[in-house]
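[1] sequence unknown, structure follows:
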């Protein structure tokens, strides 16, 4: 047999012997303490019971108003009966009766903890050193009640010398036995155990650190025994784990980056319909937090029976399913694709949710834009075509008529030029290709030039155009030419849609950190259902179509104001007038 293979067994046997002896010593100490504690607990329990009994008997004596000799005799009687020391104390701590000494010679006992608890109505015990008897004593005190009132305390005491003496005897015997057992082997056993356990301790520490995530290098012991083989096995396992963990961490990081940054919503759902994984895009789409989604049912998270039906259809068919739906009331257009993951993740399905709302709305805007531009171009082009045909058919031979047709063609060409100019302007503003030259300027310096430019036109229309600009307004950050253009546009619209004799007021006021400008007229007003759309491109109310224009002015104004970090809005009452507001931040 290979003795090297049994060297570890021998070392473990010797170490076990040392541990056994050590354990016996601990057991002896434990048994000694346990005996002392158990004996003390039993003694305390018995003493408490005897104290309650003696207090009840003495209570009968107190009910008869006894004299001092009777109280002292009662203390001596119960002391002899119970083989304890008995002390009877009144409410103020004075000793009325004592079995082992003269009551009058004893000091006041009111400060004793067991006496205080007894006067509070509690039967309790305490261990304390007695200066009178020069030993540890166990005291138990119980209240004396007469007609429900506490009139005194009965205290019983017993010496703990017997408990200590018995414990010392047991402890001495155990220590002698341990000393005899360990005298011949402690040195050799200690050296062998330390030599044997040391590599195991190192290996245990390395394994514990591995469990905590630190895959450090494990050095094999020089011995060719079981410990060395175990260390090599752990060393190989650590290398394998490190490689696998690095690979998994790398793959997990890639997956997390993709899930965190992809714009499409991704949900992983179990066959029971419970969401197991959800990415931030899906959380935003369904307005949920991760705690509200993971571990909850698919219907709770999505609130869409169509998505649930799509997922269920994919699970039942085992094939990928797709659908497009519109969510209510959010009016979101969603494309969803459900794919079972039976091959890679059995019992799981992947739900891909794409928000097509912006694409659909952009398509709608593009379609409306083409329609609006076609509509706006059709009228002047048709007019130009008619005028051209009329001239070709002979109007050129009539100079006055030809002049009128040419003037009309010039007007239509100007309208087309203005439309193209405003379209280009709007395109540049929307793409942020028009720099804003912002300066600090007083609001009155913005409104005054616009009002002055439009005074003549307002006078021709029979309107009263008034500027009311307070001097105490703070300065604003603005591009003066752009803001003046907006004001001119708003005043021009007010002039077009206000009957003769009406009034137009241009003013401004401060609202917190903004200055609000407004143009108010007493014109025909705008229907309430059309107010939200008046700032759209080419949108015209019935009244504005009758007055001409491209329908781009208010859209340009909205983009310019928003570029100034302000906002624009309108209020109107039909046949009473309209007020257009826009705000600019204070400089």
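    It's in. All values reported here derive from a predicted model rather than from experimental measurement.
[2] Tell me how far residue 36 lies from residue 168.
    Look at residue 36 and residue 168: by Cβ to Cβ, to the nearest Å, they are 9 Å apart. C-beta coordinates here come from the backbone N, C-alpha and C atoms, glycine included.
[3] Mind checking which of the two has more residues around it?
    Using other Cβ atoms under 10 Å, the more surrounded residue of residue 36 and residue 168 is residue 36, with 18 against 12.
[4] immediately after the helix or strand that contains the more buried one, which helix or strand?
    Per DSSP states H and E, residue 36 falls inside helix 3-62. Moving toward the C-terminus from helix 3-62, the first helix or strand encountered (DSSP H and E) is helix 68-82.
[5] per-domain residue ranges of the chain.
    The chain is divided into the following domains under automatic domain parsing: 6-165, 264-355, 360-430, 439-585.
[6] gap between the longest one and the chain center?
    Chain-centre distance of domain 6-165: 58 Å, with Cα atoms, centre = their mean, to the nearest Å.
[7] change the start of the numbering to 595 and stick with it
    Got it, the first residue is 595 from now on, which makes the last one we talked about domain 600-759.
[8] Now it: average pLDDT?
    Averaging the model's pLDDT scores along domain 600-759 yields 82.
[9] try stretch 980-992
    Averaged across stretch 980-992, pLDDT comes to 79.
[10] Contacts for that stretch, please.
    Contacts of stretch 980-992 with the rest of the structure, by Cβ atoms under 8 Å, 6 or more residues apart in numbering, involve 995, 996, 999, 1002, 1003, 1006.
[11] For residue 704, see how far away the first one is.
    Taken as Cβ to Cβ, the spacing of residue 995 relative to residue 704 amounts to 132 Å.
[12] One more: the third one?
    Applying Cβ to Cβ, one obtains 127 Å for the distance of residue 999 from residue 704.
[13] With neighbour numbers in mind, choose between these two.
    Neighbour tally, residue 999 and residue 704, criterion other Cβ under 10 Å: the higher count belongs to residue 999, 18 against 15.
[14] and the more buried one, helix, strand or coil?
    Three-state call for residue 999 (DSSP: H, G, I helix; E, B strand; the rest coil): helix.
[15] How many neighbouring residues does the residue lying closest to it once chain neighbours are set aside have?
    Counting by Cβ to Cβ, 6 or more residues apart in numbering, residue 999 lies nearest to residue 981, which is 4.8 Å off, once chain neighbours are set aside. Residue 981 is flanked by 19 other residues according to other Cβ under 10 Å.
[16] Roughly how far does residue 1158 sit from residue 1103?
    Shown here: residue 1158 relative to residue 1103, a distance of 17 Å by Cβ to Cβ.
[17] Who has more neighbours out of the two?
    A side-by-side neighbour count of residue 1158 and residue 1103, using other Cβ under 10 Å, places residue 1158 first with 22 against 15.
[18] In contact with that one, which residues?
    1030, 1032, 1071, 1072, 1073, 1076, 1077, 1178, 1179.
[19] can you do 7 Å?
    If you count contacts by Cβ atoms under 7 Å, 6 or more residues apart in numbering, residue 1158 has them with 1030, 1072, 1178.
[20] and which of those is nearest to residue 820?
    Top of the list for closeness to residue 820, among these and by Cβ to Cβ, is residue 1030 at 81.5 Å.
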